[in-house]
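Student: Below are the sequence and a predicted model; questions follow.
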Amino acid sequence: MLKRTHLLSSIALLAMPTTAFAQEAPQPDDGAAANEEIVVTGTAGGGINRQDAAFAITSISSDAIDRAAPNSTADLFKVIPGVSAESSGGQNGANIFVRGYPSGGDAEFVTLTVQGVPFFSPPTLSFLENTQLIRIDETIERVEAVRGGTGALFGNGQPGLTVNFVQKEGGRDFEGLVKASITDYGDLRGDMLLSGPLGENTSFMVGGYYSSGEGIRSPGFTAEKGGQITANIRHDLDKGSLLVFARYLNDRGQWLLPIPVIRDGDKVRQFGNIDPGTGVLAGPETRLAVLPDGTRADLADGRGARLINLGTNFDYEIGEGFQLRYRASYLKGDADTTGLVPASTAMTADAYAASLGSTVGSLTYVNGGQAVAGDQQVIRAGTWIVRKQIEDFTNDLAVEWESGNNKFTVGAYYSDFSSDDQWNLGNVHLLTAENHGRLLDLTLANGQVATNNGYTQGSFFNVNAAYDGREYAFYAVDEYQITPELRFDAGLRYQNYKATGTIENNSSVDIDGDPDTLYDNGTAVLNGTFRNIAYKKGAWSWTAGLNYDFSSSVGAYVRYNRGNTNPFFDNLRDGIFVSPRVDNFEGGLKVRTDLVSLYATLFHTKFKGLVTTVIQNGAPVADIGGARSTGIELEGQIRPVDNFAIAFSGTWLDAKYRDFFAGGGTIDLSGNRVQRQPKWQWRVTPSYDIEFGDNSKVSLYSTFSYVGDRFSDTANTQSLPHYFKIDAGVTVDVNKALTFAVTADNLTDKVGLTEGDPRTLGQTGGEVVNARPILGRSFRFSAAYKF
């Protein structure tokens with residue numbers, strides 16, 4: 001459990017520049033005035049002008065979020081240059097990759113914050129990436145995303161991507177919004193927002209959403225259900241301010257996993273009746289299950305979280321030129337996963353029986369008992385259960401001293417976090433390989449019994465573990481305005497990380513002692529013995545940057561930073577004590593005029609001590625080594641005439657492994673491309689506003705996006721072909737109060753793959769393969785009323 005030690009510490013992130021979001025809000029007519037855009041993420045104070053800072057940030061307004069129409073929190077990250085966000089796993093279970101930083105999945109190099117403070121300090125754990133712990137709704141004012149730069153110094157020391165969710169706050173007037181939406185596949189959602197004054201110097205905001213439905217990949221039951229409510233109160237003091245906020249999340253959605261598809265070179269075709277855009281193996285027969293060990297499972301539980309998150313921001317001037325800034329967050333709750341995970345490719349029942357060394361004796365449906373022919377296509381898929389009880393208490397304290405052209409900040413950061421895990425992986429069913437697969441029982445001609453109530457196998461990997469982690473960090477940063485045009489900053493951080501854990505051991509047994517009952521041979525069981533893990537390490541990070549403004553509209557910067565991350569609890573459980581280190585070099589050009597905004601960043605990154613882990617053949621398998629990446633990020637907007645704009649963003653990336661080994665150090669994968677990150681990806685979004693009087697407007701927009709070829713695995717054997725996708729939308733502002741909108745996702749119903757089968761490495765040998773396609777064509781209709 002989380003220790004109650006309360007140490008003040010800090011997250012005053014160093015001043016950062018901004019890169020404009022690909023769908024920017026309307027800009028002021030005066031180009032110089034436009035350069036006064038202020039961002040708060042990564043700043044030592046209340047914000048900074050983008051032209052004065054020295055690395056890249058993307059700012060996504062609430063209007064831009066509406067136009068992006070993300071299917072999930074992670075899906076919004078697709079608009080950020082340098083980021084590859086695979087949201088095809090549903091509302092949760094995304095894989096997010098940054099600038100060629102190698103990882104096997106989840107979001108190892110992504111930190112999420114609310115109001116500038118991390119709400120769960122570990123960026124990721126197995127079966128938990130942090131977008132699972134927050135939803136986007138009407139309470140979000142904007143989202144700011146910082147890539148690289150000084151992020152390695154502050155917060156949890158993230159050298160990759162730091163994403164900050166900035167909440168709306170109340171003003172002088174009472175305001176509100178109600179919104180209802182429905183999809184063409186029947187999912188419903190309602191949003192609400194209310195804000196206003198509580199006194200002369202006090203205001204409030206409260207809002208949230210609730211949604212329900214079967215999802216676009218309907219399993220035949222309600223698989224998407226839940227909501228979130230967020231509230232805050234702000235009080236302005238004579239020399240500062242206090243903001244307190246609370247958020248309750250209780251939401252879950254279907255964990256979408258690879259399905260059978262037919263690969264024909266770079267073309268992907270439908271397998272059987274499983275539509276690549278809407279099909280799913282899960283169905284009414286597999287929803288409710290009693291696992292071989294007696295555990296009850298319900299696929300409707302899906303993947304999600306039930307938690308409470310409390311936090312505060314306190315800013316106060318303690319003396320002439322001295323500012324105190326305090327940030328804190330407390331989170332506690334559950335983050336659970338239940339899913340139907342493929343354990344084989346599709347094949348005929350005859351072929352499956354042959355793989356067991358015999359032929360089909362009898363093959364019947366579990367429900368109904370009817371006989372099934374041997375040429376029936378079958379697939380094995382297991383019901384996996386992962387339970388996590390998580391807790392996090394983070395404190396951030398900084399003191400800032402500003403004198404003349406110099407600003408000096410010192411601070412400390414403390415985080416205490418825990419995760420209690422109970423896993424039951426395996427529990428493999430024999431199913432018909434079709435949409436809503438049906439359970440099968442198989443007896444072989446040699447008398448061996450291959451299944452019991454549809455199960456071919458019990459658990460192959462269990463976890464019963466309790467982990468605790470603590471991180472202490474201290475940092476110092478100096479920013480100096482050398483001339484009106486030239487700004488220099490430098491800083492360093494020392495962090496100390498401690499982790500402990502108690503883990504129950506597994507044994508492999510034959511449950512009934514009969515080798516001819518194949519379904520329970522080699523079953524993993526927790527055996528009542530325990531082992532302990534302990535890890536402790538300190539590390540230094542540092543950075544230095546220069547920013548030069550050629551004019552009020554043109555600037556450039558260069559930066560170097562070194563950052564470190566810590567081995568996660570799951571790595572320590574598997575005996576991997578490697579601590580990743582990142583060295584990043586980058587430079588950027590920023591241009592902002594009435595006609596065009598253009599932000600270009602060139603980066604080169606070196607990685608050491610990287611670990612990529614997947615569960616293969618019932619056990620975690622790790623590849624360890626380094627990598628190097630070089631890339632260019634572009635984003636901006638062209639505004640040729642009033643009411644018309646073309647927004648764009650794109651990334652070119654050359655990322656390859658270096659001194660990277662698999663197979664226990666026996667297979668050198670150096671020179672292979674870093675998995676699951678394309679060389680090319682880009683987005684172009686034209687938009688046009690048609691105004692009718694002072695308060696009425698029709699907005700038309702569309703996004704054309706391209707994702708290039710990738711490899712799904714470190715060995716570069718599972719290729720993922722490129723794809724092109726079109727989204728579109730129409731918004732009608734009837735008046736100041738009433739708005740209607742229609743958004744279309746994947747308008748041409750393109751089949752694009754984001755993941756192969758990470759649990760079957762190297763699987764490309766047959767025409768039928770398992771892969772996870774993007775979601776099929778869908779439409780969302782909404783109506784909103786403001787008051």
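Tutor: It's in.
Student: distance of residue 676 from residue 458?
Tutor: Between residue 676 and residue 458 the computed distance is 31 Å (Cβ to Cβ, to the nearest Å). All C-beta atoms are positioned from the backbone trio N, CA, C, and that covers glycine.
Student: So residue 654 is in contact with residue 630, correct?
Tutor: Yes. Counting by Cβ atoms under 8 Å, residue 654 touches residue 630, with 5.0 Å between them.
Student: Need the overlap of contacts for these two.
Tutor: residue 100 (Cβ atoms under 8 Å, 6 or more residues apart in numbering).
Student: Strands of the stretch 501-650 of the chain, start to end?
Tutor: 523-549, 554-564, 581-592, 596-616, 619-641, 644-662 (DSSP state E, counting those that start in this stretch).
Student: Does residue 251 touch residue 135 like I think?
Tutor: Yes. The criterion here is Cβ under 8 Å, and residue 251 meets it with residue 135 at 6.2 Å.
Student: Quickly list what's touching both of the two.
Tutor: Both residue 251 and residue 135 are in contact with residue 228, where contact means Cβ under 8 Å, 6+ apart.
Student: just to revisit the earlier point, possible to save the strands of the stretch 501-650 of the chain as a markdown table with distance to residue 574, mean neighbour count and mean pLDDT?
Tutor: Formatted as a markdown table, the strands of the stretch 501-650 of the chain follow (distance: least, Cβ to Cβ, whole Å; neighbours: other Cβ atoms under 10 Å; pLDDT from 0 to 100):
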| stretch | distance to residue 574 | mean neighbour count | mean pLDDT |
| --- | --- | --- | --- |
| strand 523-549 | 10 | 16 | 96 |
| strand 554-564 | 20 | 21 | 94 |
| strand 581-592 | 20 | 21 | 94 |
| strand 596-616 | 7 | 20 | 86 |
| strand 619-641 | 5 | 19 | 89 |
| strand 644-662 | 15 | 20 | 94 |
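Student: Find me the pLDDT at residue 53, would you?
Tutor: pLDDT, residue 53: 66.
Student: now the one 3 residues further on
Tutor: The predicted local distance difference test score for residue 56 is 80.
Student: related to what we said a few turns ago, need the strands of the stretch 501-650 of the chain in CSV with distance to residue 447, can you?
Tutor: As requested, these are exported to CSV (distance: least, Cβ to Cβ, whole Å):
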stretch, distance to residue 447
strand 523-549, 21
strand 554-564, 58
strand 581-592, 57
strand 596-616, 31
strand 619-641, 30
strand 644-662, 40
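Student: How about the contacts made by residue 169?
Tutor: 141, 195, 203, 205, 232, 234, 243.
Student: do that again at 10 Å, thanks
Tutor: Residues in contact with residue 169 (Cβ atoms under 10 Å, 6 or more residues apart in numbering) are 139, 141, 195, 203-205, 232-234, 243, 245.
Student: Give me the phi and psi for it.
Tutor: phi -130, psi 160 (degrees, to the nearest 10).
Student: quick one: which of the strands of the stretch 501-650 of the chain is nearest residue 371?
Tutor: Nearest of the strands of the stretch 501-650 of the chain to residue 371, taken as Cβ to Cβ: strand 523-549 at 28.5 Å.
Student: That closest one pairs with which strands, and in what direction?
Tutor: The sheet places strand 523-549 alongside strand 486-509 (antiparallel), strand 554-564 (antiparallel), with pairing taken from DSSP bridges.
Student: what angle separates the shortest one from strand 581-592?
Tutor: Orientation note: strand 554-564 sits at an angle of 170 degrees relative to strand 581-592 (axes from the mean of the first three to the mean of the last three Cα atoms, to 10 degrees).
Student: ok, now the longest one?
Tutor: The directions of strand 486-509 and strand 581-592 differ by 140 degrees, with the same axes, to 10 degrees as the criterion.
Student: Show me what counts as buried in strand 486-509.
Tutor: Residues 487, 489-493, 495, 497-501, 503-504, 506 are the ones in strand 486-509 that count as buried (16 or more other Cβ atoms under 10 Å).
Student: Which of those residues sits closest to residue 256?
Tutor: Nearest to residue 256 among these: residue 506, at 28.3 Å, using Cβ to Cβ.
Student: Which residues are in contact with that closest one?
Tutor: 459-464, 523-527, 529, 619.
Student: my guess is residue 142 meets residue 76, correct?
Tutor: No. Residue 142 lies out of contact with residue 76 (Cβ atoms under 10 Å); the separation is 11.2 Å.
Student: before we move on, the earlier item: now render the contacts of residue 169 as JSON lines, adding distance to residue 344.
Tutor: Shown next, in JSON lines, are the contacts of residue 169 (distance: Cβ to Cβ, whole Å):
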{"residue": "139", "distance to residue 344": "44"}
{"residue": "141", "distance to residue 344": "47"}
{"residue": "195", "distance to residue 344": "53"}
{"residue": "203", "distance to residue 344": "57"}
{"residue": "204", "distance to residue 344": "54"}
{"residue": "205", "distance to residue 344": "50"}
{"residue": "232", "distance to residue 344": "49"}
{"residue": "233", "distance to residue 344": "54"}
{"residue": "234", "distance to residue 344": "55"}
{"residue": "243", "distance to residue 344": "52"}
{"residue": "245", "distance to residue 344": "47"}
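Student: farthest pair in the residues you listed?
Tutor: Longest span within these, Cβ to Cβ: 141 and 233, 15.6 Å.
Student: Just want to know which of these two has more residues nearby.
Tutor: Between residue 141 and residue 233, residue 233 has the larger neighbour count (other Cβ atoms under 10 Å), namely 17 against 14.
Student: Name whatever forms a beta bridge with the closest residue in space to the more buried one that isn't next to it in sequence.
Tutor: Counting by Cβ to Cβ, 6 or more residues apart in numbering, residue 204 is the residue found nearest to residue 233 once chain neighbours are left out, at 5.0 Å. Here residue 204 sits in beta bridges with residue 196, residue 233, going by DSSP bridges.
Student: so who does residue 204 touch?
Tutor: By Cβ under 10 Å, 6+ apart, residue 204 lies in contact with 169-170, 174, 194-198, 231-234.
Student: So which of these is surrounded by the most neighbours?
Tutor: Most surrounded of the contacts of residue 204: other Cβ under 10 Å gives residue 232, at 24 neighbours.
Student: Bridging across strands, which residues link to the closest residue to it other than its chain neighbours?
Tutor: What sits nearest to residue 232 in space, not counting adjacent residues and going by Cβ to Cβ, 6+ apart, is residue 245, at 3.8 Å. Judged by DSSP bridges, the bridge partners of residue 245 are residue 232, residue 311.
Student: I'd assumed residue 230 was in contact with residue 245.
Tutor: Yes. Assessed by Cβ under 10 Å, residue 245 is found in contact with residue 230 at 7.0 Å.
Student: right, and the strands of the stretch 501-650 of the chain - which one's nearest residue 357?
Tutor: Taking Cβ to Cβ, strand 523-549 is the member of those nearest to residue 357, at 19.8 Å.
Student: chain center to that closest one: distance?
Tutor: From the chain centre to the centre of strand 523-549 is a distance of 19 Å (Cα atoms, centre = their mean, to the nearest Å).
Student: do stretch 267-283 as well
Tutor: In terms of Cα atoms, centre = their mean, the centre of stretch 267-283 is set 24 Å apart from its chain centre.
Student: now the end-to-end length of it.
Tutor: 27 Å (Cα to Cα, to the nearest Å).
Student: all helices of the stretch 201-350 of the chain, in order?
Tutor: Shown for the stretch 201-350 of the chain, the helices assigned by DSSP state H, counting those that start in this stretch span residues 284-287, 349-355.
Student: Including mean neighbour count and distance to residue 606, could those helices go into JSON lines?
Tutor: Shown next, in JSON lines, are the helices of the stretch 201-350 of the chain (neighbours: other Cβ atoms under 10 Å; distance: least, Cβ to Cβ, whole Å):
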{"stretch": "helix 284-287", "mean neighbour count": "18", "distance to residue 606": "46"}
{"stretch": "helix 349-355", "mean neighbour count": "18", "distance to residue 606": "44"}
